[in-house]
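A.B. asks: structure, please.
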Amino acid sequence: MRKQILLAGFFFLGLSSCDVISNLPQTTTITQAEAAQAIREALDQGTGKGIGFLNKPDGFFGNEAYKLFLPPDAKKIENTLRQVGFSSLVDKAILQINRAAEDAVGSARPIFLDAIKEMTIADAIAIVKGPRDAATQYFRQKTTDKLVAAFLPLIKSSLDKFSATKYYADLVNTYNGFPTTLNKINPDLPSYVVDKAVNALFDQVAQEEVNIRNNPVARTTEILKKVFGWANKT
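C.D. replies: Have a look, this model is predicted:
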């Protein structure tokens with residue numbers, strides 16, 4: 001009899017630790033399934049808003065936080081070209097580089113959705129109870145390599161689509177053609193744009209995550225209200 005009581009006690013202890021998360025003395029609890037659903041909804045909301053913010057005209061070019069300029073290796077040629085009358089060429093190259101980034105980030109959605117689908121219940125619980133950027137860090141870990149790999153051909157295509165490759169090549173070739181140019185410039189433009197675009201996406205996701213965690217109005221569904229309301233009280 002005593003053995004049966006002990007076994008029953010262990011069973012209910014295991015059930016409470018696996019199925020319900022609660023640090024509150026009241027009756028407020030959330031289940032692991034609710035935690036997982038809320039995190040998936042929060043990530044979906046965050047990525048949707050982040051992509052929508054960037055995937056439009058001036059999403060990069062009109063935002064000082066994300067605006068792309070010339071790659072570091074090419075930045076040193078900008079002043080030289082402007083001084084000798086090629087400012088319009090520099091400006092056009094910068095504009096079209098930003099237009100390419102704005103165009104390409106729209107393709108990030110399926111990659112983020114795959115990461116959301118792959119999330120385990122353990123991942124979700126760790127995110128709910130984790131730091132303010134836990135969801136963003138999860139995305140960085142799970143999607144960075146995939147985003148970079150997927151973005152590279154898309155960025156190249158967008159650079160060509162908006163003639164950024166041409167304008168940038170014209171800019172570099174003009175500088176390289178100067179008799180005084182000893183060190184030729186040929187930086188990797190697509191990789192530079194990919195890096196900037198991926199970082200901008202993660203920054204937008206991080207901002208929306210903080211908004212959902214801190215601002216009850218941003219919790220647009222009942223499950224978000226319940227889970228993140230609980231998280232803020234624990």
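
A.B. asks: can you list the low-confidence ranges for this protein?
C.D. replies: The chain contains residues with pLDDT under 70 at 1-28, 180-182, 186-187, 234.

A.B. asks: residue boundaries of the strands in it?
C.D. replies: 20-21, 30-31 (DSSP state E).

A.B. asks: for the last one, packing partners?
C.D. replies: In terms of contact count using 3 or more CB pairs under 8 Å, 6 or more residues apart in numbering; DSSP states H and E, strand 30-31 is assigned the packing partners strand 20-21, helix 222-233. The way it works is simple: take the backbone N, C-alpha and C, and place the C-beta from them, glycine included.

A.B. asks: if I look at residue 64, how far off is residue 98?
C.D. replies: As judged by CB to CB, to the nearest Å, residue 64 and residue 98 stand 12 Å apart.

A.B. asks: got it, and residue 158?
C.D. replies: Distance from residue 158 to residue 98, by CB to CB: 10 Å.

A.B. asks: over to residue 39?
C.D. replies: Distance from residue 39 to residue 98, by CB to CB: 32 Å.

A.B. asks: ok, residue 231 next?
C.D. replies: 37 Å.

A.B. asks: give me the more crowded residue out of these two.
C.D. replies: residue 98 (25 against 18; other CB atoms under 10 Å).

A.B. asks: what's the nearest residue to the more buried one once chain neighbours are set aside in contact with, if anything?
C.D. replies: Among residues not flanking residue 98 along the chain, residue 61 sits closest, at 3.7 Å (CB to CB, 6 or more residues apart in numbering). By CB atoms under 8 Å, 6 or more residues apart in numbering, the contact list for residue 61 reads 67, 68, 95, 98, 99, 102.

A.B. asks: possible to save those residues as CSV with distance to residue 163?
C.D. replies: Formatted as CSV, the contacts of residue 61 follow (distance: CB to CB, whole Å):
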residue, distance to residue 163
67, 19
68, 15
95, 10
98, 13
99, 9
102, 14
